[in-house]
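Novice: predicted model and sequence below, questions to follow.
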Amino acid sequence: MSENVDSSTAPRLIGKPASVVSRLFESKQLGWAGFAIAVIFPFLVANNYAMNIATTAVIFILLASGLNIVVGYCGLLDLGYIAFMAVGAYTAGIVSKAWELPILFTIPAVLLMTVLAGLIIGAPTLRLRSDYLAIVTLGFGEIIRLTANNLTITGGPSGIYGIPGVELFGLDLSSPVMFYFFCVVVVSLLVLGSARLGKSRLGRAWRFVREDEDAAEAMGIHTYKVKLAAYIFGAMWGGIGGMLFAAHLSAISPQSFVFLQSALVLMAVVLGGMGNTRGVVVGAVVISLLPEFLRDMGNLRYVIFGVVLIAVMVLRPQGFWPTRAYEPEKAGPDRDGHDQDDGGSGPGAHGRKRSRREHRKVTSSGQERGENA
Amino acid sequence: MTQLLWNGLFVGSFYALIALGYSMVYGIIKLLNFAHGDLYMLGAFIGYAMLSSVGVIPASMSITALLIVLLLTMIISGGIGVGIERLAYRPLRGSPRLAVLITAVGASFTLEYGVSAIAGPNPRVFPVRLQGETFDILGARVSAPQIVLMVIAVLLMLSLNSYIQRTSMGRAMRAIALDPKGSLLMGINVNKVITWTFFIGSALAGAAGVMAGAYYGKIDFLMGFIIGLKAFTAAVIGGIGNIKGAMLGGLLLGLLEAFGSQWLGGEWRDVFTFAVLIAFLTLKPTGLLGERVTERV
């Protein structure tokens, strides 16, 4: 809608060629480059500490790309995302310990439980107003953590330990480097999967719901089903992340699944650019590695995170690496993603802002007013 | 039984105080202020800083000292609430919900970890601890500090209610809640009213923080998180955006919690509360006293 308005009212933007940087950012080989970096990394630094951190970062990428489905594609704020990871981790831990199964055999159970969790939390709440949803997910995250803390099957406050490492076709992959490679492969596939999902028919429906739910509904999209699908996909990604997490640390406890973790994943998605898989991957790497470098700063680093979160939302709501809000045109060099005034906007940020701004001119002659979002 | 009732009402009055701020802000600019619970925490820490800088306070003076600190804390935490609105929320007025919600999470994060960076991550012991004799009222054990705190809470709520009903600023608040554009056209300074709303809401949360610190004796930088969530629950039960509803919801939530934890065991108390929240949002999202609100497009 605003797209058409833009191109007619803003001729100054037409004819601006895509810069080298933006063409590089849009390059199809970028995913392979990222994969290559991840694979080469252990050959450069291979001590246990580095491997440990790198594995954590890779799992974090998986979580961020899962949350990206919910928040980035579909525009539903989930503040309890870590709960799905908790469900996955605990399911993997309990099942593998109880029946002495290799941890990869728990994947069906993990998926089943996380889908169930997604349904239980999503089905009643996705009909609600969007901000109610946010707080319900927050409550849900706490419920899961407290339940894990109180039940005996989950080991109470001390959690579950002695979870087996990964074994594949009789090959032991539990050494740090091998497990890292295993995680890189699994996570790459899932990140690719989430990117492909974003481009699918369902993904377009998600973006439509994000931009304007009523219009989407009017165009025949069953918004409730579509939102539930986003929720369930997000839950599955989180569950697999939880399983990897359990296999990585071999011990899990309720303290691993506090709100801080949900907020960090959310931050990765927001900073990277909601809806853009590449941005989210970069954001996840930054968010998971930064605390390691800022370790001496103690809790001050989280203050910085908070301030950055506000600053990004106020100054650059589309994130550092925004997604294009339009289908890429093959022969249209006139719009490149990093031009802020054009179609390259984050989730609805600009498209909607513009129409509001125009509206505002009419109603209140530019004066600030108490606008209800 | 009466003991449970009394405990529930007492805890509920704290919830109500915090829920008021949540509800006022939501009623007027439809913003879920996640940082609200953290203003409660901040209030407790401001009170802590003031009381411990004064030094030893004789037991006879503790109530007076506490009242003075309460007043100062309300002003400071109100000011901080206004600052947050000015820096974080106002630039985003009119942008999509998601952006504002994320900003609110950022504000909450900043406050929580800001306090933990300054005051340290370990719990602090509040310098003034309210102690007093206990009475027996209808079989319930009631202590003097409980009565004092409850009276303060009720006074704050009643004065807020009359402020909103009687003064012109209160009328402006109600007008903006109904129709922001219309009130702007009628010459109401919307920004000023919103600033005031944040001030009052944050001041009440700060007051609740000092009171909780003085009563429970222990404060830590994450204490606002759970209680913020509970205050939101209270606001939802009463009907969010509705002042009387927030008070009712707070008291009701306190009672529900008291009976729920008696019934299920204390460790399930928070789970029970959040289950109540989800149940309410699913079955009766408008709350007990709320009106039907449709999401504006």
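Specialist: In hand now; what should we look at?

Novice: what about the chain, any weak spots by pLDDT?
Specialist: By default, I'm working from chain A. A:1-28, A:129, A:170, A:319, A:322-373 (pLDDT under 70).

Novice: actually chain B
Specialist: Short version for chain B, where the test is pLDDT under 70: B:56-60, B:130-131, B:290-297.

Novice: ranges for the strands of it?
Specialist: Taking DSSP state E as the criterion, chain B contains strands spanning B:124-125, B:134-137, B:140-143, B:218-219.

Novice: and these as a markdown table, adding mean neighbour count?
Specialist: Backbone N, C-alpha and C define where each C-beta goes, glycine included. Shown next, in a markdown table, are the strands of chain B (neighbours: other Cβ atoms under 10 Å in any protein chain shown):
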| stretch | mean neighbour count |
| --- | --- |
| strand B:124-125 | 14 |
| strand B:134-137 | 11 |
| strand B:140-143 | 16 |
| strand B:218-219 | 18 |
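
Novice: for A:Gly66, which of these is the nearest?
Specialist: Distances from A:Gly66 to each of these were compared by Cβ to Cβ, and the smallest falls on strand B:218-219, at 35.6 Å.

Novice: and that closest one, how far out from the chain middle?
Specialist: Centroid displacement of strand B:218-219 relative to its chain, using Cα atoms, centre = their mean, to the nearest Å, is 17 Å.

Novice: contacts for it, please.
Specialist: When contacts are defined by Cβ atoms under 8 Å, 6 or more residues apart in numbering or on different chains, strand B:218-219 is touched by residues B:Met41, B:Ala44, B:Phe45, B:Tyr48, B:Pro123, B:Arg124, B:Val125, B:Phe126, B:Gly209, B:Ala212, B:Gly213.

Novice: among those residues, who's most crowded?
Specialist: For the contacts of strand B:218-219, the largest number of neighbours (other Cβ atoms under 10 Å in any protein chain shown) sits with B:Gly209, at 33 neighbours.

Novice: which residue lies closest in space to that residue, excluding its sequence neighbours?
Specialist: Distances taken as Cβ to Cβ, 6 or more residues apart in numbering or on different chains put B:Gly43 closest to B:Gly209, at 2.8 Å, once the chain neighbours are dropped.

Novice: close to chain A: what parts of the stretch 1-150 of chain B are there?
Specialist: Residues of the stretch 1-150 of chain B lying close to chain A (Cβ under 8 Å from any Cβ of the partner chain) are B:28-32, B:87-88, B:91-103, B:105-114, B:116-117, B:121.

Novice: so which of these belong to helices?
Specialist: Where those overlap with helices, as defined by DSSP state H, the overlap consists of B:28-29, B:97-103, B:105-114, B:116-117.

Novice: count the residues that sit near A:Phe293.
Specialist: Here the count is done by other Cβ under 10 Å, and A:Phe293 has 9 residues near it.

Novice: A:Trp99 too?
Specialist: Counted with other Cβ under 10 Å, the neighbours of A:Trp99 add up to 10.

Novice: write out the residues of the stretch 51-200 of chain A neighbouring chain B.
Specialist: Where proximity means Cβ under 8 Å from any Cβ, the interface of the stretch 51-200 of chain A facing chain B comprises A:71, A:75, A:77, A:79, A:124-125, A:128-132, A:134-136, A:138-140, A:142-143, A:146-147, A:149-150.
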